[in-house]
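> the following comprises the amino acid sequence and a computationally predicted model.
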Amino acid sequence: MRLPDCLEALVSGNAIKRIYNKPAEELDGEWSEVIYNLGQGLRNIATIMAPDIIVFGGGISFGAGEPFIRKIEEEMKKQLTL
């Protein structure tokens, strides 16, 4: 199976449902993989575009809240130092 070519195909609500065969609100241990993928994607964006701010939207970011966002930020920063 060919892997998706874009970040949205790995971390959006629809992608999570497709990949894990359940809605995002039912994920347990799989969040670590989603956070890793999103951290890598944000690392790429930060490296290429050097934005002053990155804004999240959509159901996943609102549903998971601040702890989820902090974990993504930590992963992105870890990826930036590799």
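Received the coordinates, thanks.
> wait, doesn't Ile69 sit right on Ser61?
Yes - assessed by C-beta atoms under 8 Å, Ile69 is found in contact with Ser61 at 6.7 Å. No exception for glycine: its C-beta is placed from N, CA and C like everyone else's.
> return the set of buried residues in the helix or strand hosting Asn44.
Element membership of Asn44, judged by DSSP states H and E, is helix 31-49. For helix 31-49, the buried set under the neighbour-count rule, 16 or more other C-beta atoms under 10 Å, comprises Val34, Ile35, Tyr36, Asn37, Leu38, Gly39, Gln40, Gly41, Leu42, Arg43.
> what's the angle from the helix ranked longest in the chain to helix 31-49?
As assigned by DSSP state H, the longest helix anywhere in the chain is helix 59-80. Per axes from the mean of the first three to the mean of the last three C-alpha atoms, to 10 degrees, the angle that helix 59-80 makes with helix 31-49 is 70 degrees.
> helix 59-80 - what's its average pLDDT?
Average pLDDT, helix 59-80: 83.
> what's around Tyr20, how many residues?
15 (other C-beta atoms under 10 Å).
> ok, it - contacts?
Leu27, Glu30 (C-beta atoms under 8 Å, 6 or more residues apart in numbering).
> residue closest to the middle of the chain?
Leu38 (2.7 Å; C-alpha atoms, centre = their mean).
> wait, it sits on Ile72?
Yes - using C-beta under 8 Å, Leu38 is in contact with Ile72, at 5.2 Å.
> how far is stretch 13-23 from where the chain is centred?
Its chain's C-alpha centre lies 13 Å from the corresponding centre of stretch 13-23 when counted by C-alpha atoms, centre = their mean, to the nearest Å.
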